[in-house]
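Engineer: dropping a prediction and its sequence here:
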Amino acid sequence: MKNSISFYILTLCSVMWLVSCTGETETFLVETPELNLKAEGPLFEGANTATASWEFKLNELIGPELEETTAIKNVKISKVEFVLKDAEELPELEKMVFEITSKNTSMTRIGLYEGEIKSGSPFQLSLAAKQENLASALEDGKITFVGDFDLKDEEFWEDLNFSLKIVFELEVKK
C-alpha cells in the first residue's frame, strides 16, 4: 500500500512537470523572397546541380517582439515552387531532387519533382514526410538550396536559372 501511494505521487509529479515544460506554441509561415537557383554551364546529359543561398536574421522572420523568449520547436517546409526562366534556347529537362544544407547541418532531402520541366510553368515538389535538421538550419542564418535535375540533351553551354520560392512553417515556443 505504501509503495502504491509513493508510485501515484511520483507519477502525478512527473505528469505535472511534463505539462509545465510543454508551454504555449505559436505557428508562423515564413516565405523566402524570390531566389535565383542557378546551374552554371556547361551542363551535360544526366544529373546537374543548381544552387541558391538565402541569408536572413531569424528574429526578423518571426518578429522582434518574440526574439528574447523564443525557442524554435519544429520547422517544416510546406511549399516549394520553381519556375524555369526563359532563355533563347533551352534544353529538355526532367525531374528534380531538392535538398537544403547550412553551415552546421548536413544535406537534407526536402522533396522531388518527377516530370518534364518547362520554362515559364511553375512546378511544385512532392515534399518529404520526414524533414530533419530544419530548425538548426534556420538558426544558422544562411541556407543553401540545391536542386539536382536531369538534362536530357547531350550538352548545354549556357547557364540555367530557376526562380524559387519556399514557405517554411515554424512552430515556436513562447
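Structural biologist: Now that the structure is in, tell me what you want to look at. Residues are numbered from 1 along each chain as shown.
Engineer: show me where this structure has helices.
Structural biologist: Secondary structure of the chain (DSSP state H): helices located at 2-22, 58-62, 134-140.
Engineer: avg pLDDT for the second one?
Structural biologist: Average pLDDT, helix 58-62: 78.
Engineer: packing partners of that helix?
Structural biologist: strand 25-31, helix 134-140, strand 160-173 (3 or more Cβ pairs under 8 Å, 6 or more residues apart in numbering; DSSP states H and E). The C-beta positions use only the backbone N, C-alpha and C, and glycine is treated the same way.
Engineer: can I get these in CSV with distance to residue 117?
Structural biologist: CSV is the format used below for the helices and strands packed on helix 58-62 (distance: least, Cβ to Cβ, whole Å):
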stretch, distance to residue 117
strand 25-31, 22
helix 134-140, 25
strand 160-173, 8
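Engineer: so which of the ones you listed is nearest residue 71?
Structural biologist: Nearest to residue 71, of all the helices and strands packed on helix 58-62, is strand 160-173, at 4.6 Å by Cβ to Cβ.
Engineer: do you know the pLDDT at the nearest residue to residue 110 once chain neighbours are set aside?
Structural biologist: In space, and not counting its chain neighbours, residue 110 is closest to residue 98: 5.0 Å by Cβ to Cβ, 6 or more residues apart in numbering. Looking at residue 98, its pLDDT is 97.
Engineer: residue 124 versus residue 98, what's the distance?
Structural biologist: 10 Å (Cβ to Cβ, to the nearest Å).
Engineer: who has more neighbours, the two?
Structural biologist: Ranked by neighbour count (other Cβ atoms under 10 Å), residue 98 and residue 124 place residue 98 first, with 26 against 11.
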